[in-house]
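**Student:** Give me a model of this one.
(2 chains)
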Protein chains: 2
Amino acid sequence: MNNATRVLLDESRIPHAWYNILADLPSPPPPPLHPGTRRPVAPEDLAPLFPMELIGQEATADRFVAIPESVRDVYRLWRPTPLIRARRLERALGTPARVYYKYEGGSPAGSHKVNTAVPQAYYNAQQGIRRLTTETGAGQWGSALAFACAQYDLECEIWMVRASYDQKPHRRSLMRVYGATVHPSPSAITGAGSEILAAEPGSPGSLGIAISEAVEAAGGSDDTRYALGSVLNHVLLHQTVIGEEALEQLAAFGETPDLIVGCTGGGSNFAGLMFPFLREKLAGRIDPEIRAVEPAACPSFTRGTYAYDYGDAAGFTPMMKMYTLGHGFVPDPIHAGGLRYHGMSPLLSHMYDLGMFGAVARTQRECFEAGLQFARTEGIVPAPEPAHALAETVAEALRCKETGERKVILTALCGHGHFDLTAYDRYLAGDMKDVAPAQKRIDHALEGLPATEPAG
Amino acid sequence: MNNATRVLLDESRIPHAWYNILADLPSPPPPPLHPGTRRPVAPEDLAPLFPMELIGQEATADRFVAIPESVRDVYRLWRPTPLIRARRLERALGTPARVYYKYEGGSPAGSHKVNTAVPQAYYNAQQGIRRLTTETGAGQWGSALAFACAQYDLECEIWMVRASYDQKPHRRSLMRVYGATVHPSPSAITGAGSEILAAEPGSPGSLGIAISEAVEAAGGSDDTRYALGSVLNHVLLHQTVIGEEALEQLAAFGETPDLIVGCTGGGSNFAGLMFPFLREKLAGRIDPEIRAVEPAACPSFTRGTYAYDYGDAAGFTPMMKMYTLGHGFVPDPIHAGGLRYHGMSPLLSHMYDLGMFGAVARTQRECFEAGLQFARTEGIVPAPEPAHALAETVAEALRCKETGERKVILTALCGHGHFDLTAYDRYLAGDMKDVAPAQKRIDHALEGLPATEPAG
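**Tutor:** Modelled structure (predicted):
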């Protein structure tokens, strides 16, 4: 291994293709079902929501999908991102483990989300679309899409989960700086939002509700489409630039990973990092353990059920087989807004069901504790979402300290926490609570899972 | 010229020495004077404030000062920083000019300030100091020093200008995340602060006042020293890593600069970028025009006087010959808090007096306009301070569009604006005012300049 702290790559090393793990799985994931007919959705069913190119990517069997030159050209603003060895954190922990993090926070809008926002905006613009709608939780996806839309002269209209809208006014401002329109969700603008407001006027909202609103707002207009920031296959596909670069960079460090750790909300950051490594693992070239980390407040892998469910609260989206807490489950408003999603990527769910990786849950205080230690040693203040991966990384590094194992741990620091300092303030003031749903809340939400029998 | 967007350098290219321009000037700057005796200050006069190593750097005649390995090791977390060609901005402007920016916002705390914070903390720690005090305007210096102190196990106590303390709560939180203690200034903790509060209970504060408080708090304790984030020779010296890297990177682009533009508050960012280029200019190898940009609200170069004045409001510091608006001048609370300083680096003042570079002033709305255009094209939201340099860069690029000149413009994007989104909000809402002091306010403050006759 070499003694560098950061391995940077020249922009010629931006990958030329995204990696599609569907081509290498032992079996395909169960198909999404149409919410009306409960039969597998056809591409034309999705055409009112997405441009045809993305619908094609959703189901393609090609192992690699070429990245358009226009997209690579925007990627050049921040990619390749650095792979950094956390030497100061290792020293503070006194661990024999070697910890590497792939840092995506230097991107426009400050997270990995722009890796997929840019191609999504590009393919929509190519098809002549003029306006995109979307939802956002912590605001990271919304600001990424706002930036991407500015690159391709698209209008951008965003429903932001009310809890985050109130907690993170600066994320909202950032979307406006990039030229987008932002509404709190639930909003009175849509039917779905109005219904929820009628039932619970003070609703903190959820990603599921915000998705319903954005999907509804996209419908019925030829020049408008919807964009999703996680969960779907094409989103995970676009994020594989993270792992492809990290493979090359970790090799430049002279290392192979023993453990890969990533946080999961919808799953795109975790998938983006680990899919290329999993490809190498399936080919027998490396053998890392792979582990997802989710919040104890929204534990879809560790306490959910693998079943068909809607992607949104109102049941507008196709039904997807996934680990879910039930589409009616509204997670407590923890600070990792980007992880407050009732479901999980169907592709990752299928792979988890096949035993291809593990999962653990972490409470928010242990995440902020790890985030604080990371900031003071490595300098970067992590967003609460990747702080989940850091909490697990720190715990593993401390286990190595006990066992003496010199494990190589690779994690994704998918965004900075510059818009999360109110949460750090609260943690420092001893004012933060750990929350985990009672089993009966999960059971109740799971009772609302839809039937999967074909309707006709 | 090559067709890259970013030129990155390997960490082996972090400079091994800082460049001291004092060695290459036709004459030395006038010496600082003791505020009591009004005779040139001796090193021992400064010993209660600074560690001996920094006092030595303040006056050294060595052309180069070696960077300690411990400091280079911390620099590795973010240095070398990228040099980026603003291709998307150029395209949006339709200019034949080529615009390059050296981006320092990827550092811990998000600005160039940490380049000097780290060596300052290091030399203090080497001398056995346990605690540093300082002031901060926009909060960039304070958060940089807080991070640096965390690297060397020093306590850090910060007086933050009240206007910024209220406008930028997240900068304050960031300092606390890094482990520092933060007070609003003026505060009742110090004599200087108490006096000002007695005269004007709602005082928005100023850098000059905050310096008085931090200097007072450092005095009288053997294990405490004071740290300054700009103005002094050793601070400018440490910032030359910016220009040294940029020289190598611009050469890698195959370019030589026609114009170098930087914003000036105390002057360290501007000096850090341009000193190494000026060395090459003095040696006859390149011939760029060099231009400082200051805020119209605090125009020390363009409307101040070159005279001996105090560095702080209360007159605790040595008297320095500099462009000044008078130490009693309290600038209007514009959003570029880091540029709200009544004086200017004595070294830069001397060089400006010698005609070695030019200066212009810009109003805040034109700076936010440029910042917004930059964010939407290049992805990075600039802090209000470097937005001044961007406003001048954009204006020059548009002049080139008229004249057809293919100028190479180099600027310093010394920090991101993630903690300045309230200001962007205000700009977007049409709610921001341009302010420039009436001449009689400046005249009145200049009447308070101290006499320079030796006291005894």
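**Student:** Pick out the residue of the stretch 51-200 of chain A closest to chain B.
**Tutor:** A:Pro108 (2.8 Å; C-beta to the nearest C-beta). Quick note: C-beta positions are derived from backbone N, CA and C, even for glycine.
**Student:** Neighbours of that residue, how many?
**Tutor:** Neighbourhood size, A:Pro108 [other C-beta atoms under 10 Å in any protein chain shown]: 27.
**Student:** tell me the contacts of the residue nearest to the spatial centre of chain A?
**Tutor:** The C-alpha lying nearest the average C-alpha coordinate of chain A belongs to A:Ser268 (C-alpha atoms, centre = their mean; 3.9 Å). Going by C-beta atoms under 8 Å, 6 or more residues apart in numbering or on different chains, A:Ser268 touches A:His112, A:Lys113, A:Thr116, A:Gly229, A:Ser230, A:Val231, A:Val235, A:Leu236, A:Gln239, A:Ser345.
**Student:** Is it correct that the fifth one is in contact with A:Phe270?
**Tutor:** I take that to be A:Ser230. No - counting by C-beta atoms under 8 Å, A:Ser230 stays clear of A:Phe270, with 9.9 Å between them.
**Student:** Regarding the nearest residue to A:Leu54 once chain neighbours are set aside, which helix or strand does it belong to?
**Tutor:** Spatial nearest neighbour of A:Leu54, chain neighbours left out: A:His234 (4.9 Å); criterion: C-beta to C-beta, 6 or more residues apart in numbering or on different chains. Assessed by DSSP states H and E, A:His234 sits inside helix A:233-252.
**Student:** name the helices or strands packed onto that helix?
**Tutor:** Packing partners of helix A:233-252 (3 or more C-beta pairs under 8 Å, 6 or more residues apart in numbering or on different chains; DSSP states H and E): strand A:17-19, helix A:52-59, strand A:83-85, strand A:98-103, helix A:114-126, helix A:268-282, helix A:346-353, strand A:408-413.
**Student:** Walk me through the domains of chain A.
**Tutor:** Chain A breaks down into these domains under automatic domain parsing: A:36-67+A:113-233, A:80-110+A:240-444.
**Student:** can you give me the offset of the longest one from its chain's centre?
**Tutor:** Meaning domain A:80-110+A:240-444. 9 Å (C-alpha atoms, centre = their mean, to the nearest Å).
**Student:** How about the first one?
**Tutor:** On the basis of C-alpha atoms, centre = their mean, the separation between the geometric centre of domain A:36-67+A:113-233 and that of its chain is 14 Å.
**Student:** okay, and the helix or strand of chain A with the least pLDDT?
**Tutor:** helix A:162-167 (a mean of 86; mean pLDDT, DSSP states H and E).
**Student:** elements contacting that helix?
**Tutor:** So helix A:162-167, by 3+ C-beta pairs under 8 Å, 6+ apart, packs with strand A:181-185.
**Student:** and the strand it packs on, is it in reach of chain B?
**Tutor:** No - under the criterion of C-beta under 8 Å from any C-beta of the partner chain, chain B is not reached by strand A:181-185; the shortest gap measures 11.5 Å.
**Student:** ok, now stretch A:394-413?
**Tutor:** No - Stretch A:394-413 lies apart from chain B when judged by C-beta under 8 Å from any C-beta; the minimum separation is 12.7 Å.
**Student:** where's the residue nearest to A:Leu54 relative to A:Ile55, distance?
**Tutor:** 8 Å (C-beta to C-beta, to the nearest Å).
**Student:** The two: which has the busier surroundings?
**Tutor:** A:His234 (24 against 20).
**Student:** was I right about the more buried one contacting A:Glu58?
**Tutor:** Yes - A:His234 lies in contact with A:Glu58 (C-beta under 8 Å); the separation is 5.0 Å.
**Student:** Once you drop chain neighbours, what's closest to the residue nearest to the centre of chain A?
**Tutor:** A:Ser230 (4.2 Å).
**Student:** Could I get the contacting residues of the one you found?
**Tutor:** Applying C-beta under 8 Å, 6+ apart, the residues near A:Ser230 are A:Trp141, A:Gly265, A:Gly266, A:Gly267, A:Ser268, A:Tyr341, A:Ser345.
**Student:** Make a markdown table out of those and add pLDDT.
**Tutor:** Listed next are the contacts of A:Ser230 as a markdown table, based on pLDDT from 0 to 100:
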| residue | pLDDT |
| --- | --- |
| A:Trp141 | 95 |
| A:Gly265 | 91 |
| A:Gly266 | 91 |
| A:Gly267 | 95 |
| A:Ser268 | 97 |
| A:Tyr341 | 88 |
| A:Ser345 | 97 |
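**Student:** nearest to B:Gly326, of those residues?
**Tutor:** Among these, A:Trp141 lies closest to B:Gly326 (C-beta to C-beta), at 49.8 Å.
**Student:** how many neighbours does that closest one have?
**Tutor:** Counted by other C-beta under 10 Å, the residues lying close to A:Trp141 total 32.
**Student:** With only the CA atoms kept, save the helix or strand that contains it in PDB.
**Tutor:** According to DSSP H and E, A:Trp141 maps onto helix A:140-151. C-alpha atoms of helix A:140-151 as PDB (Å, rounded to 0.1, in the frame of the first residue of the first chain):
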ATOM      1  CA  GLN A 140     -29.900  17.000  -1.400                       C
ATOM      2  CA  TRP A 141     -31.800  15.500  -4.400                       C
ATOM      3  CA  GLY A 142     -33.800  18.600  -5.000                       C
ATOM      4  CA  SER A 143     -30.700  20.900  -5.100                       C
ATOM      5  CA  ALA A 144     -28.900  18.400  -7.400                       C
ATOM      6  CA  LEU A 145     -31.800  18.200  -9.800                       C
ATOM      7  CA  ALA A 146     -32.100  22.000  -9.700                       C
ATOM      8  CA  PHE A 147     -28.400  22.400 -10.700                       C
ATOM      9  CA  ALA A 148     -28.800  19.700 -13.400                       C
ATOM     10  CA  CYS A 149     -31.900  21.400 -14.900                       C
ATOM     11  CA  ALA A 150     -29.900  24.700 -15.100                       C
ATOM     12  CA  GLN A 151     -27.400  22.900 -17.300                       C
END
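**Student:** ok, back up a step: now do whichever helix or strand comes after the least confident helix or strand of chain A and helix B:169-177, the angle between them.
**Tutor:** Moving toward the C-terminus from helix A:162-167, the first helix or strand encountered (DSSP H and E) is helix A:169-177. On the basis of axes from the mean of the first three to the mean of the last three C-alpha atoms, to 10 degrees, helix A:169-177 is oriented at 130 degrees to helix B:169-177.
**Student:** Give me the contacts around helix A:169-177.
**Tutor:** Identification of contacts with helix A:169-177 by C-beta under 8 Å, 6+ apart yields A:109, A:136, A:138-140, A:142-143, A:146, A:156, A:158, A:160, A:164-165, A:182, A:419, B:170, B:372, B:375-376, B:381, B:418-419, B:421-422, B:424-425, B:428.
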